[in-house]
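In: Below are the sequence and a predicted model; questions follow.
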Amino acid sequence: MTNKNTKSMRTDYQAIFEKAYHLMDEAIIAGNCGELCGYHCCRRNDADGKRLGMYLLPLEYEYMQSEVVADYDLHSHLQYNMPPKIKKYYYIYCHLAEGCLRDHRPIQCRTYPFEPHIENGEFSIVIEKEQLHGCVLIERMPEWRQAFIDGVYNGWLELMKIPIIKYNIEYFSKERIAANNIMKQYPFSHETIATV
C-alpha cells in the first residue's frame with residue numbers, strides 16, 4: 001500500500017469517527033444524567049480510591065483522542081482477554097475528579113448503556129444484563145430521548161465501516177450470546193451485516 005493510499009484511508013477513518021461522534025452527541029435524557037448518580041461512571045476514582053478508566057475502541061485514540069487524552073495505559077492481547085486480531089487497547093482515565101470534558105467524551109461514554117450487537121448477520125443495539133456500571137437510567141427507560149437511541153444506532157452503523165471495529169463488535173457479540181447477557185434489544189429495521 002502506498003503512502004497516498006494510507007493517507008486516504010486515514011482521512012476516511014477520521015471522517016467516519018467524526019460523523020459517529022456527531023451522531024452520538026445526543027443526551028440520553030433531558031438535563032445532565034451524571035447528576036442523577038453522582039457521576040458514577042464519570043470520575044477518576046471509585047469509593048475505595050481505585051482509579052477508574054475505560055477502553056477506547058480500536059483506532060479511536062489515534063483518530064479522535066490523541067490530542068485530549070494524556071493519562072492512559074496500553075493493554076496488550078498478551079496480558080488481557082481480548083479479541084485475537086486486536087493487539088492493544090487504550091485504557092484511558094477520566095480527566096476530571098467528576099464530570100467530563102463533554103465535547104471530547106469517547107464512544108463508550110456517548111452510547112452507554114447500549115452495546116452494539118451483531119447476531120445472525122443482523123445489527124442491533126442491546127443493553128446487557130450484567131453491567132460493569134449499573135446505570136440508574138435503566139429504571140427510567142421511558143424518559144430516554146428517541147434522538148439519543150437513533151443517534152447511537154446510526155453512529156454504530158457508521159463505525160462498522162471500519163473493519164477492525166466491526167470485528168470488535170462481532171467478537172463481543174459472540175461472547176454476549178454465549179453468556180446469555182442481553183436484557184433488552186433494539187433491532188430497528190433489521191440491518192443485515194456481512195460478516196468479516
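Out: Arrived safely, thanks for sending.

In: Chain neighbours aside, what residue packs nearest to the residue most central in space within the chain?
Out: Nearest to the mean C-alpha position of the chain, by Cα atoms, centre = their mean, lies residue 108 at 2.9 Å. Counting by Cβ to Cβ, 6 or more residues apart in numbering, residue 54 is the residue found nearest to residue 108 once chain neighbours are left out, at 5.5 Å. Just so you know, the C-beta spots here come from the backbone N, C-alpha and C atoms, and that holds for glycine as well.

In: So what's the gap between the helix or strand that residue 157 is a member of and the chain middle?
Out: Using DSSP states H and E, residue 157 sits in helix 146-159. Centre-to-centre, helix 146-159 and its host chain are 11 Å apart (Cα atoms, centre = their mean, to the nearest Å).

In: what residues does that helix touch?
Out: Outside helix 146-159, the residues that touch it by Cβ atoms under 8 Å, 6 or more residues apart in numbering are 16-17, 19-21, 23-29, 57, 107, 110-111, 114, 116, 123, 125, 165-166, 169, 186, 188, 191.

In: Of those residues, which qualify as buried by neighbour count?
Out: Buried members of the contacts of helix 146-159, scored by 16 or more other Cβ atoms under 10 Å, are 16-17, 20-21, 23-24, 26, 28, 57, 107, 110-111, 114, 116, 123, 125, 165-166, 169.

In: which secondary element of the chain has the worst mean pLDDT?
Out: strand 184-192 (a mean of 68; mean pLDDT, DSSP states H and E).

In: which SS class is residue 27?
Out: Per DSSP: H, G, I helix; E, B strand; the rest coil, the local secondary structure of residue 27 is coil.

In: Could I get the contacting residues of it?
Out: 33, 145, 148.

In: Restrict stretch 48-56 to CA atoms and write it as CSV.
Out: Extracted C-alpha coordinates of stretch 48-56, given in CSV (Å, rounded to 0.1, in the frame of the first residue of the first chain):
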residue,chain,number,x,y,z
ASP,A,48,-12.1,2.9,47.6
GLY,A,49,-9.7,5.2,45.8
LYS,A,50,-9.1,2.8,42.9
ARG,A,51,-8.5,4.6,39.6
LEU,A,52,-11.4,4.3,37.1
GLY,A,53,-11.0,4.2,33.4
MET,A,54,-12.4,2.9,30.2
TYR,A,55,-11.4,1.3,27.0
LEU,A,56,-11.4,3.2,23.7
